[in-house]
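In: next one to model:
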Amino acid sequence: MHISLEGKVALVTGGSRGIGKAIAAGMIEAGASVMISSRKQDALDATAAEIGGDIATFAANAGEPGSAEACVAATIERFGRLDILVNNAATNPYYGPTLEVDRPRYDKTFQVNLAAPLFWSQAAYEAAFRDEPGVIVNIASVGGLRAEAGLGVYNLTKAALIHLTRQLANELGPNRVVGIAPGLVETDFASYLVDNFGEQLAAAMPLQRLGDPEDIANLAVFLASDKASWITGETYVIDGGAGVRST
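Out: As a prediction, the model looks like this:
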């Protein structure tokens, strides 16, 4: 099965590294033009140079008001359209018991992980998807489907993002809204878990390895493509079978 995104334009938040970088590269390989956004311009420039292809950059903090509208406008100005939004940017400033979180870190986690996907989706819809249906891909986490020590606040945002995916799919058809819930993937973002527990967790998985960013990118490219044209509202777990072993 050949998956093509020829003629499509994608915008990927958190696109300078990790899963977002892999998704951007995968979409370019499939023929799309891609705008990547993250906070640091130098990181964006390095990623764009590494990936190559029809790629552009826009430095923005995903959680700051106004960032979404500005980046969506820049994408349409650069490429003439927008077909795919990937809400990938995330943060996790707090690790510990849920009841011990302080308000600033609680607020930041929800601002970036939940409010940002909502308002970036709003900006994409108002500027592009209202007239020409597109696809929104939300990067959630398996943590949104279970309880875990230390990650309660982060997982609350991902559980809410999974529901937001269903809610927006219900409201925005014929636009499609889909989600991906990765397990533990070897990225800088997950370096604490990978470095301290990765070997042990991989050994317990049926597939005997942690995830690679390209594993998530492959699924994102498929879900964003016309091959998935009858899929909306669902969030797909991709975790090397870890969930199967834990039930």
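In: contacts and neighbour counts: CA atoms only from here.
Out: Noted.
In: and the helices in the chain?
Out: 18-29, 41-51, 67-79, 103-110, 116-124, 152-172, 191-203, 213-224, 242-246 (DSSP state H).
In: closest one to His2 among the ones you listed?
Out: helix 213-224 (9.8 Å; CA to CA).
In: which residues touch the closest one?
Out: 3, 18-20, 22-24, 26-27, 30, 84, 135-137, 178, 180, 182, 185-187, 228, 231, 238 (CA atoms under 8 Å, 6 or more residues apart in numbering).
In: 6 Å instead?
Out: Ile19, Ala22, Ile23, Met27 (CA atoms under 6 Å, 6 or more residues apart in numbering).
In: so what's the residue count around the first one?
Out: By other CA atoms under 10 Å, the residues close to Ile19 number 27.
In: which residues sit in contact with it?
Out: Ile19 neighbours (CA under 6 Å, 6+ apart): Pro213.
In: rerun at 10 Å
Out: Applying CA atoms under 10 Å, 6 or more residues apart in numbering, we find Ile19 in contact with 25, 88-89, 139, 182, 185-189, 212-217, 220.
In: tell me the buried residues within the residues you listed.
Out: 25, 88-89, 139, 182, 185-187, 212-217, 220 (16 or more other CA atoms under 10 Å).
In: hang on, the earlier thing: for the helices of the chain, which one sits closest to Ala59?
Out: For Ala59, the closest of the helices of the chain is helix 41-51, at 5.4 Å, according to CA to CA.
In: now do that closest one: which elements does it pack against?
Out: For helix 41-51, the elements it packs on are helix 18-29, strand 33-38, strand 55-59, judged by 3 or more CA pairs under 10 Å, 6 or more residues apart in numbering; DSSP states H and E.
In: how far out from the middle of the chain is that helix?
Out: 18 Å (CA atoms, centre = their mean, to the nearest Å).
In: and for stretch 40-50?
Out: 18 Å.
In: wait, Tyr94 sits on Gly152?
Out: Yes - between Tyr94 and Gly152 there is a contact at 9.3 Å, judged by CA atoms under 10 Å.
In: okay, and the common contacts of these two?
Out: Joint contacts of Tyr94 and Gly152 (CA under 10 Å, 6+ apart) are Val101.
In: any low-confidence regions in the protein?
Out: 190-192, 196-198, 245-247 (pLDDT under 70).
In: middle-most residue in it, spatially?
Out: Asn88 (2.3 Å; CA atoms, centre = their mean).
In: point out the most buried one among the helices of the chain.
Out: Among those, ranked by average contacts under mean count of other CA atoms under 10 Å, first place goes to helix 18-29 (a mean of 25).
In: give me the angle between that helix and helix 213-224.
Out: Interaxial angle of helix 18-29 relative to helix 213-224 (axes from the mean of the first three to the mean of the last three CA atoms, to 10 degrees): 50 degrees.
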